[in-house]
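Trainee: give me a 3D structure for the following:
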Amino acid sequence: MKALVLALLVTLLGGCPEEQPGLDVIGDAKGGDAAVSDLAGDGASDGDGKMVPDLVLPPDSDPNKMSCYTSSSGCTGTPGSVYKCQGICRAGVMLRDKNTGQWGACQGQVLSIGFEICGDGRDTNCDGDKNQGCQTLIFFGGKVSGKTVTDDSGKGKHGTLQGGVSSKKGGIKGGEYLSFAGKKSRVNFPIAFGTNITIAFWFRTSDLAKIKAEAGWLFVFGKNDSSNTSKPRWAAIINPGLQLGTVRGWFEVPGSSHHQEFHFGATTSSALVIDGQWHLAVFTTTVAWRAFYLDGAVVTSEANKIVYGSYKIDFSGVKLGVIGHRKDAPDVGALKGDIDDFQLDSHVWTAAEVKSYYNFLKP
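Mentor: As a prediction, this is how the structure comes out:
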């Protein structure tokens, strides 16, 4: 049967199959010779009646590598071809095992995040338009004019610099970022949001001694006053002490006599982040669920009991956002490090969206 099929190929192609560059003879796991290949996924070679068009490689390319893209949106093309992509989306490559002839998973591709982010200047859902249908509430990309940090989302929630905060070049994807000098350094901005929210940002620090002694406050949202105890409050820090170098996020709700604190996870992330490298933190909450992601991976994802006894998680009282320190004590726990692409979104990011966002922007 093999001989019959190969003879037919030679007749159709008008010559020896091995003179046809960039194609594969059925079942021989090599490129550069014929027009059809089995690749039907059934493990059989030629002659089984399940032949499909070969995955064409450019002439003279490595027959054990092939372009690929696994999503139905963002890029158009076929495996082995040159894909045409929009926005941030990019095709990847598959590698073939020289012994088994089997193709591996698609590596290095960038898929659509699935939604738009107002202010980042990118087409993150790969539809050919920027900022279409975005639900971003605020976006600080690092632009500073005088004492004002520009809200790139277009919502006008500009921040106010206090202390030693400056804009520098060379952040995520080479853009601007905010650098915090530590003592009294912070960004204040007006904000209001409901229960469904995503908070996402990149951060970087290497100040081990200061964080060990005081912690490093990444953000806090609360009432528009100077009291650290006013509720509701939502905060995240880089931990000091025994949990040094891990990240912790929590809610606080009004309590009659004591602290009502509900963590994102039991206590903290396990990854150490005081290493001078950029890390992505994402916190999300809905009425029913809350989650924390670090560098694209889930740290915790769990049911969100909105009502705890007589106390309710309700962020309708939030009026002020602060980046880089506690509201009440700017000299204690002030972050010495960098923040980039700090954003709030009323769209609650899914785990897949967080992973796609991280994979695209990771240094």
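Trainee: ok, which stretches of the stretch 51-200 of the chain are strands?
Mentor: Using DSSP state E, counting those that start in this stretch, the strands found in the stretch 51-200 of the chain span residues 52-53, 65-68, 75-76, 84-85, 92-95, 136-145, 148-151, 159-162, 165-169, 176-181, 186-190, 197-204.
Trainee: let's have those in TSV, adding mean neighbour count.
Mentor: (Each C-beta comes from the backbone N, C-alpha and C, glycine too.) Formatted as TSV, the strands of the stretch 51-200 of the chain follow (neighbours: other Cβ atoms under 10 Å):
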stretch	mean neighbour count
strand 52-53	12
strand 65-68	22
strand 75-76	18
strand 84-85	13
strand 92-95	17
strand 136-145	21
strand 148-151	20
strand 159-162	19
strand 165-169	15
strand 176-181	22
strand 186-190	20
strand 197-204	23
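Trainee: weakest of these in terms of mean pLDDT?
Mentor: Mean pLDDT across the strands of the stretch 51-200 of the chain is lowest at strand 52-53; the value there is a mean of 38.
Trainee: low-confidence ranges in the protein?
Mentor: The model of the chain has pLDDT under 70 over residues 1-61, 224-232, 253-261, 265-268, 305-314, 316, 327-331.
Trainee: can you give me the helices for it?
Mentor: 2-13, 208-214, 351-361 (DSSP state H).
Trainee: pipe the strands of the stretch 51-200 of the chain into TSV and attach distance to residue 117 per row.
Mentor: Listed next are these as TSV, based on distance: least, Cβ to Cβ, whole Å:
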stretch	distance to residue 117
strand 52-53	38
strand 65-68	26
strand 75-76	20
strand 84-85	18
strand 92-95	23
strand 136-145	5
strand 148-151	13
strand 159-162	17
strand 165-169	20
strand 176-181	16
strand 186-190	17
strand 197-204	9
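Trainee: and of those, who's closest to residue 332?
Mentor: Counting by Cβ to Cβ, residue 332 lies closest to strand 186-190 out of those; the figure is 12.0 Å.
Trainee: paired strands for the closest one, with orientation please.
Mentor: If you go by DSSP bridges, strand 186-190 pairs up with strand 159-162 (antiparallel), strand 320-323 (antiparallel).
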